[in-house]
Structures are given as C-alpha cells and as structure tokens.
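Asks: Show me how the following folds:
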Amino acid sequence: SQTLIREEWIPHLETAAREAGTRIMEIHQQGAQAEFKNDGSPVTEADRAAEEVILSALNQMAPEIPVVSEENAESHHFPSVLMPVRGHWRISWDSDSAVLAPGDTMSVPAELNHSIVPAVTGEAALYQVKGNADPAGHTWRG
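Replies: A predicted model of the protein is given here:
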C-alpha cells in the first residue's frame with residue numbers, strides 16, 4: 001500500500017496546523033462574523049485564513065499534488081467536465097449546488113466560480129477534464 005504522506009512532511013504539516021490555529025484564534029478574538037454560503041453552511045474570515053495557511057504549506061511541499069478544499073473555489077477560462085469515479089462529490093457555485101455520484105457527468109461552463117469537495121467520508125476520486133486553447137490539429141477528410 002502506498003501512502004500519500006511522506007515522513008519528512010509531518011513537521012511542516014504540524015507547523016502549518018499550529019499557524020492556522022493561531023490565525024483562527026486571532027480572528028475570533030476580534031469578533032469574526034459568519035457569512036452563509038449558498039448551501040446554508042457558515043463560513044468566517046477565520047475559516048478562509050486557516051485554509052490559506054494550510055493550502056500554502058501543502059503547495060510548498062508538493063505543488064504537483066492537486067488539493068481539493070471546501071473554501072477554495074476555482075474557475076477556468078475554458079469549460080470543464082467532472083466525472084466522479086468513487087464516492088459522491090458536492091459541486092457548489094454562486095446560485096446552487098449539486099451532488100454527483102459515480103457514473104454522473106457534469107459540464108462546468110467557462111468562468112463559473114465553483115468548488116468541488118467530497119460529499120461523504122471515505123475514499124473519493126474524480127476525473128476533471130479541462131478545455132484549453134490548443135488546436136485539435138488537422139481533420140481527416142477521407
């Protein structure tokens with residue numbers, strides 16, 4: 001069995017977790033107010049700050065490994081297609097959200113600010129195919 005965590009990362013992860021906790025406490029001592037996301041769940045500036053600290057640390061340790069996180073919305077200049085392989089995935093955007101199961105397919109329009117997170121605990125895997133500006137090449141015309 002292969003692990004995704006390398007032993008040398010543990011001290012860096014512990015430092016990031018402590019730093020994130022410090023940011024949370026600083027912001028909560030100032031009286032952070034909760035906002036409500038489209039799905040009705042609360043989020044605060046402290047949530048976003050802690051996530052930023054952790055995502056930054058993960059990116060420094062392993063920039064080649066993509067990270068899926070709750071507050072980290074993304075958008076693309078081209079359309080993309082989402083295809084869950086394992087587990088259920090919640091896709092949230094400005095006005096709504098949807099849960100995708102293995103076998104489902106969802107087209108995400110270009111420039112749509114959205115987030116993708118596993119909807120349940122356990123293993124989850126998702127294919128995300130992103131469009132790009134590369135020319136397709138010559139078309140064979142028989």
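
Asks: which SS state does residue 116 fall under?
Replies: strand (DSSP: H, G, I helix; E, B strand; the rest coil).

Asks: List the contacts of the closest residue to it other than its chain neighbours.
Replies: Spatially, and ignoring its direct neighbours in sequence, residue 116 is nearest to residue 91 (5.4 Å; CB to CB, 6 or more residues apart in numbering). Where you see a C-beta, it was placed from the backbone N, CA and C, and this is true even at glycine. Applying CB atoms under 8 Å, 6 or more residues apart in numbering to residue 91 gives the contacts 82, 97-100, 106, 108, 114-116.

Asks: List only buried entries from the residues you listed.
Replies: For the contacts of residue 91, a burial check counting by 16 or more other CB atoms under 10 Å picks out 82, 100, 106, 108, 114-116.

Asks: In a helix, residue 91, correct?
Replies: No: the assignment for residue 91 (three-state DSSP) gives strand, which keeps it out of a helix.

Asks: Residue 5 versus that one, what's the distance?
Replies: Noted for residue 91: a distance of 27 Å to residue 5, by CB to CB, to the nearest Å.

Asks: Having no further points to raise, I will conclude here.
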